[in-house]
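Undergrad: need coordinates for the following:
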Amino acid sequence: MPRHKFRIKNTDNTKQLAREKRRLNRLNSIKHELESGRMNSFEQIFAIMTETRLATELGISYYAFRKKITDPGEFTIAEMMRMASLFGVNYEVIAVFMLDRIKSKAKSKMFR
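TA: Take a look at the predicted model:
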């Protein structure tokens, strides 16, 4: 009987390791796309990692995160630093990404 309990525990650990590996693969994909400059919208990020998961990883409520996606200028420097750390990129990469999102949503000609 104890062997059976060990197998269940080992299976749970295997599932957890597989889940963590998938998470790291997603983060690595986003990192490479951001660094190459090919990622130019939040929708591309959400194709790899869900909005809910990203909000949770960043420690932001889902609704506050959705609001910030709609108006990227609302992201704080600390949140952008956490995002850069999560994706494993330099802060400047995230800052440029956010600035491009702000410019694309701005109605003022000053930002275009």
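
Undergrad: please make it C-alpha for all contacts and neighbour counts, starting now.
TA: Will do.

Undergrad: scan the chain for its longest helix.
TA: The longest helix of the chain (DSSP state H) is helix 2-36.

Undergrad: ok, then the element right after that helix?
TA: On the C-terminal side of helix 2-36, the closest following helix or strand by DSSP states H and E is helix 42-48.

Undergrad: who's in contact with that following helix?
TA: Here helix 42-48 makes contact (C-alpha atoms under 8 Å, 6 or more residues apart in numbering) with 26, 29-30, 39, 69.

Undergrad: so which elements touch the next helix or strand after it?
TA: Going down the chain from helix 42-48, the next helix or strand is helix 51-58, by DSSP H and E. Applying 3 or more C-alpha pairs under 8 Å, 6 or more residues apart in numbering; DSSP states H and E, one finds that helix 51-58 makes contact with helix 62-70, helix 77-87.

Undergrad: what's the first one in contact with?
TA: This means helix 62-70. For helix 62-70, using C-alpha under 8 Å, 6+ apart, the contacting residues are 42, 51-52, 55-56, 74-75.

Undergrad: mind redoing it with 7 Å?
TA: 52, 55, 74-75 (C-alpha atoms under 7 Å, 6 or more residues apart in numbering).

Undergrad: tilt between that helix and helix 51-58?
TA: Per axes from the mean of the first three to the mean of the last three C-alpha atoms, to 10 degrees, the angle that helix 62-70 makes with helix 51-58 is 100 degrees.

Undergrad: give the buried residues for helix 62-70.
TA: Of the residues in helix 62-70, 65, 69 count as buried by neighbour count, 16 or more other C-alpha atoms under 10 Å.

Undergrad: tell me the mean pLDDT over that helix?
TA: Here helix 62-70 scores 96 as its mean pLDDT.

Undergrad: check stretch 11-27 too.
TA: Stretch 11-27 comes out at a mean pLDDT of 91.

Undergrad: the nearest residue to Arg82 once chain neighbours are set aside: neighbour count?
TA: In this structure, Arg82 finds its nearest non-sequential neighbour in Leu58, 6.4 Å apart by C-alpha to C-alpha, 6 or more residues apart in numbering. By other C-alpha atoms under 10 Å, 17 other residues sit near Leu58.
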